[in-house]
Every structure is written in structure tokens, then in C-alpha cells.
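Participant: A predicted structure for the sequence below; I have some questions about it.
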Amino acid sequence: MSRQWCKHYRGMHEKEWCEAGVAFKELPGFGFQGFFDTCPCFGPNGSKCDKAEYPTQEEMAEREAERNSRFEKIRKAREAIVSHLGGPWRRGAPGANGRIDCPACGGKASLAFSRAGYNGHIHASCTTENCVSWME
Ligand code: SF4
Ligand SMILES: [Zn+2]
């Protein structure tokens, strides 16, 4: 299940305010040890924040389903690339690149890929909008 972070939280790195305009330094315990255990940004069981809004169970389930579907598409696309290349990478194999029909969206030769010769990592991207794209 995805984490129940506040909807206004987009990280603290090099940021002073969250998306709802709350200054992180105003939160209880900010800068002290244990702050991250009680920070309301990370869930409804933390300290109180008036602007906090957490996703509902339904929204979390929806996100989880979207994520799973995205992973499944990538898994299928990767499998098709590996099969197109004659099987899993082996040390000494030359690098390769090309295009194949995309098993995720059915696009004709829309899935462009490359597989590195030195470690077998695959980079791929489908030209169909919102379809798969990943780098290893
Ligand atoms: S809990 Fe409060 S400070 Fe944290 S992201 Fe949500 S609104 Fe901003
Ligand atoms: Zn596609």
C-alpha cells in the first residue's frame, strides 16, 4: 500500500514551505531529534497541522492500482525487448538498440530501446503518449 503522506507534501529538500504554504520550521519539533517520527507530513498519526489533507483509502487503492499497472506494462515491454534480442544479456554481448512493436500499447515499432554491452542495462521509451519509459 502506498504511504499516506499529506497531499501537500513534495519533499523538504531545499524547500522551506510545503505546497499548502506551511513553513516546515513552524511544525512542532522541527530541527529536533525525532521530528521525522512525529511530522504530520508523513501521515495522520503525526503531530497536528491545520492544512494537512491525507488521501482516502480509495485514493490510495487507486494509486496503487495505477502503479501496479505501470510496472506490469514495463515488465511486458522489457520481456519483449529481451526476447527480441535473443535472450538475457551475457557478459561480452555487444550493445544493441532498435525498435519493436510495443506490447504495452500495441504501437507499431513505437518502442525504442538500447541495451548496454558492458552491463546489460536497458533504456527504453515508447513514442505513444503516457506509455512506458524507463532507464536502468
Ligand atoms: S502536513 Fe501540513 S506542513 Fe506537511 S505538507 Fe501537509 S499541509 Fe504542509
Ligand atoms: Zn507503448
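Facilitator: Perfect, thanks for sending it. Ligands and ions are numbered 1, 2, ... in the order given.

Participant: going forward, measure contacts and count neighbours with C-alpha atoms only.
Facilitator: OK.

Participant: Just after the helix or strand Glu58 falls within, pick out the following helix or strand.
Facilitator: If you go by DSSP states H and E, Glu58 is part of helix 57-84. Proceeding N to C from helix 57-84, the next assigned helix or strand is strand 96-100, under DSSP H and E.

Participant: Give me the contacts around that following strand.
Facilitator: Residues outside strand 96-100 that contact it (CA atoms under 8 Å, 6 or more residues apart in numbering): Ile81, His84, Lys108, Ala109, Ser110, Leu111, Ala112, Phe113, Ser114, Arg115, Ala116, Gly117.

Participant: before we move on, the earlier item: near ligand 2 at all, the helix holding Glu58?
Facilitator: No: contact of helix 57-84 with ligand 2 (CA under 5 Å from the ion) is absent, the minimum separation being 8.1 Å.

Participant: of all the contacts of strand 96-100, which comes closest to Ser69?
Facilitator: Lowest distance from Ser69 to the contacts of strand 96-100 (CA to CA) belongs to Leu111, with 17.6 Å.

Participant: tell me the contacts of the residue of the chain positioned farthest from its centre?
Facilitator: Largest separation from the mean C-alpha position in the chain: Gly92, at 31.1 Å (CA atoms, centre = their mean). By CA under 8 Å, 6+ apart, the contact list for Gly92 reads Gly117, Tyr118.
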